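A.B. asks: got a predicted structure plus its sequence, pasted below:
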Amino acid sequence: MSKEATLELEGKSYTLPTVTGTENEKAVDISSLRANSGYITLDEAYGNTGSCVSKITFIDGDKGILRYRGIPIEELADKSNFVETAYLIIYGNLPTRAQLKTFSDLLTENSFLPENMKFHFEGFPSTAHPMAILSAMINAASCFDEKVMRWQWGKVKEFEAIAAKLISQTRTIAAYSYRKSHGLPLIYPKKAYKFTENFLHMMFSMPYEDYEIKPEIAKALDLIFLLHADHEQNCSTSTVRMVASSQANLFASCSAGVCALWGPLHGGANQAVLEMLDEIHKTGDDGSKFIAAAKDKNSGKKLMGFGHRVYKNYDPRAKIIKKSCDEVLTKLHISDPLLDIAKHLEEAALKDSYFVERKLYPNVDFYSGIIMRAIGIPVEMFPVMFAIGRMPGWIANYKEIMDEPKSRICRPRQIYNGAALNHYVPIEGRK
Ligand code: SDX
């Protein structure tokens, strides 16, 4: 059977090659369409358009499958940790013991911010959103690194050290933004701590007393980072690739990713879920009123944490986080009414034809906030947690473009439907 597509346009026939992926995904390669036919394709919000071929992550939305470099997310969640998974995503293989040690050491060595970057934090109002601070401070941090400022596309020396610095400093900037917004002294990272433990230390220790790092809390947060580490060409990763394609440096591209992630339809959803659950709790609603509003297009409400462009089945990450949620809250002897509301919402929605017909299931953001709230992370920091987790995925996608000799600047076309030709009218003649 032909592996080509045939397109009939204005009585002419065009043959287009097709592409088949590892998991038998199929695409029509339209790169020659415009030159041969004068036509472009149009696909608002890119729901049916592949922007690239990638080896990093595979999702099957109908089956609820997610794999990083071919390894199922369930296995990584069960057996790996965030740092090892970050290495896998960026470099394509599970690290050997030696590779893991080098990578971990680079993360530790690069966990400090340049000392006079502290003063940048002073410039933000205490009410500044931590995603605004994170995006700004990632670019600020790049100004202190000669190798990033002199970025040589495709010939970056010490990429591994720069990538580790970005991952590690993102975590430090996040903790510092929390400390500053709460008027607390900055707590420096400790060499002895692992990646996620150090984050908890920088967030919650005091100069006179170290925060007691409970293993179940460190494990639960590390799992959240791992589950967020990459997810194909989502809005923020596509943003990183778009900026990278202009050959901007790694820090600038990932800083743009932070801004795209911030939106409530994307990484800001975990914050919006908690605000939604809090609103339901405060109004004494058992969730049924809110679900009715979420089904009403005129209400302006959505069931946050539900639905996904790709998953038309349960988001595998949501399943894993929900289980971790139950475990952490039980171990910490916390009974959070918002968790009960979330479970009731899920149960009701999964039986409601509106959600069933539209294949709307809980996504990664539906339960993650409950765990972060139990840990004591403020709700406005939730998208920042997502960014810390997603950084390896952004770096991996950046590296994939940079390592591709044929990569070109991304520049989509459009169809113009504005005014036809007209001419300048002096102000006197305007009505
Ligand atoms: C993330 O892309 C990724 O991979 C993202 C992510 C990642 O790891 O990077 O997985 C992380 O961003 C998860 C999504 C977090 N966002 C939310 O939870 C916000 C709530 N969800 C929706 O806004 C929505 O489901 C999206 C944005 C996630 C997906 O939007 P789509 O694909 O554009 O779908 P759509 O808006 O066209 O919805 C189709 C229908 C519409 O109804 P009809 O016009 O057909 O009648 O479903 C309805 C929508 O109104 N719908 C919802 C709904 N989500 C979709 N109705 C109520 N509540 C919802 N949550």
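C.D. replies: Structure received. Numbers count the residues shown, from 1 in each chain.

A.B. asks: how many neighbours does the residue of the stretch 51-200 of the chain found nearest the ligand have?
C.D. replies: Sorted by distance to the ligand under C-beta to the nearest ligand atom, the residues of the stretch 51-200 of the chain start with I59, at 7.4 Å. From N, CA and C alone the C-beta is placed, and that goes for glycine too. With neighbours defined by other C-beta atoms under 10 Å, the count for I59 comes to 23.

A.B. asks: show me what contacts it?
C.D. replies: I65, L66, R67, H231, E232, V310, Y311 (C-beta atoms under 8 Å, 6 or more residues apart in numbering).

A.B. asks: list the buried residues of the host helix or strand of E74.
C.D. replies: Per DSSP states H and E: E74 is located in helix 73-79. By neighbour count on 16 or more other C-beta atoms under 10 Å, the buried set for helix 73-79 is I73, L76, A77.

A.B. asks: where does the closest residue to W153 other than its chain neighbours land in three-state SS?
C.D. replies: Leaving aside its chain neighbours, W153 sits nearest to Q247 (4.1 Å; criterion: C-beta to C-beta, 6 or more residues apart in numbering). Here Q247 is recorded as coil under DSSP: H, G, I helix; E, B strand; the rest coil.

A.B. asks: got a list of what Q247 touches?
C.D. replies: Counted by C-beta under 8 Å, 6+ apart, Q247 has contacts W151, W153, I409.

A.B. asks: count the neighbours of the second one for me.
C.D. replies: Which is W153. W153 has 13 neighbours, counted by other C-beta under 10 Å.

A.B. asks: one more: the first one?
C.D. replies: As a burial measure, W151 scores 18 neighbours (other C-beta under 10 Å).

A.B. asks: try the last one
C.D. replies: Using other C-beta under 10 Å, the number of residues around I409 comes to 9.

A.B. asks: report the separation between it and S246.
C.D. replies: Plainly put, I409 is 5 Å away from S246 if you go by C-beta to C-beta, to the nearest Å.

A.B. asks: swap in the second one?
C.D. replies: Distance, W153 to S246, using C-beta to C-beta: 10 Å.

A.B. asks: Y178 in helix, strand or coil?
C.D. replies: At Y178 the chain is in helix, as set by three-state DSSP.

A.B. asks: which helix or strand contains the closest residue to V328 other than its chain neighbours?
C.D. replies: The shortest distance from V328 to any non-neighbouring residue, by C-beta to C-beta, 6+ apart, is to A220 (4.6 Å). Using DSSP H and E, A220 sits in helix 215-227.

A.B. asks: would you map the strands across the chain?
C.D. replies: 4-9, 12-20, 26-28, 57-60, 65-68, 71-72 (DSSP state E).

A.B. asks: out of those strands, the one nearest A132 is which?
C.D. replies: Counting by C-beta to C-beta, A132 lies closest to strand 57-60 out of these; the figure is 27.7 Å.

A.B. asks: and the least confident helix or strand in the chain by mean pLDDT, what's buried?
C.D. replies: Here the helix or strand of the chain ranked lowest by mean pLDDT, DSSP states H and E is helix 118-122, holding a mean of 92. For helix 118-122, burial by neighbour count (16+ other C-beta under 10 Å) applies to H120, F121.

A.B. asks: what does stretch 393-406 give?
C.D. replies: Buried, per 16+ other C-beta under 10 Å, within stretch 393-406: G393, W394, I395, A396, N397, Y398, K399, E400, I401, M402.

A.B. asks: make CSV from those and add pLDDT and distance to the ligand to it.
C.D. replies: Listed next are those as CSV, based on pLDDT from 0 to 100; distance: C-beta to the nearest ligand atom, whole Å:
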residue, pLDDT, distance to the ligand
G393, 99, 8
W394, 98, 10
I395, 98, 15
A396, 98, 13
N397, 98, 12
Y398, 98, 16
K399, 98, 18
E400, 98, 16
I401, 97, 18
M402, 97, 21
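
A.B. asks: restricted to helices, list these.
C.D. replies: Members of these lying in helices (criterion: DSSP state H): G393, W394, I395, A396, N397, Y398, K399, E400, I401, M402.

A.B. asks: which one of the residues you listed is nearest S177?
C.D. replies: Proximity of these to S177 (C-beta to C-beta) peaks at W394, which lies at 18.8 Å.

A.B. asks: contacting residues for that closest one?
C.D. replies: W394 makes contact with S236, T237, V240, S253, C254, G257, according to C-beta under 8 Å, 6+ apart.
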